[in-house]
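In: coords below, sequence missing:
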C-alpha cells in the first residue's frame, strides 16, 4: 500500500500512487529509515511481508500469500480512511455552530473584520516629491542627533 494517511498530504488523492514515494530507500537520509529498537525483535515471517507491503516494498500478491486476513484488514482500513478524509461538515451543522456563538463575540469579530477590510481598501496617496521631502527630513534629523551625541562625548 503506497498511500500515506496524512491529511496535509495533498498528493494523496489516489492518483499517481507509484510515483508518490519514488525515492529509493538507499537515497533517503539515515534519519528517515526505519531502525529496529534495541531489545525488540524485528518482524519475522508473515508480519515482515505485511510490513513490507504496507511500506510499498513488495506486492499485494506476496502479502496475500503470507497473511490474507491482514491484507484484507489493511485494505478495509485504507478504504475507510479515504472515505473519512473526503467527509465534510454539512452546512446546517456549521450554521448551528455559528448560531450558538454568543452575539457579543460575533459583533466584535464583525467590527474587527469590517475595520480590517476598510483599512485594507484605503490606499495612501503619496507623490515622489512627498517621499523625497520625508527622506530629506529624516536625514537632517539623523545628522542633528549625531552631532548632539558627538558633543556629549
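Out: Sure, I can see it. Quantities reported herein were computed from a predicted structural model and do not represent experimental measurements. Residues are numbered from 1 along each chain as shown.

In: tell me which element residue 62 falls in.
Out: Per DSSP states H and E: residue 62 is located in helix 60-66.

In: kindly report the same for residue 47.
Out: Secondary structure (DSSP H and E) places residue 47 in helix 46-54.

In: which elements pack onto that helix?
Out: With contacts defined as 3 or more C-beta pairs under 8 Å, 6 or more residues apart in numbering; DSSP states H and E, helix 46-54 has these neighbours: helix 60-66, helix 68-85. Yep, even glycine has a C-beta here, placed from its N, CA and C like the rest.

In: 7 Å instead, please
Out: The helices and strands touching helix 46-54, judged by 3 or more C-beta pairs under 7 Å, 6 or more residues apart in numbering; DSSP states H and E, are helix 60-66.

In: for the helix it packs on, buried residues please.
Out: Within helix 60-66, the residues scored as buried using 16 or more other C-beta atoms under 10 Å are 63-64, 66.

In: now for it, which elements pack on it?
Out: Contact partners of helix 60-66 among helices and strands, from 3+ C-beta pairs under 7 Å, 6+ apart: helix 46-54, helix 68-85.

In: give me the mean pLDDT for the lengthiest helix in the chain.
Out: If you go by DSSP state H, the chain has its longest helix at helix 128-152. Helix 128-152 shows a mean pLDDT of 89.

In: pLDDT on the helix holding residue 62, on average?
Out: The average pLDDT within helix 60-66 is 89.
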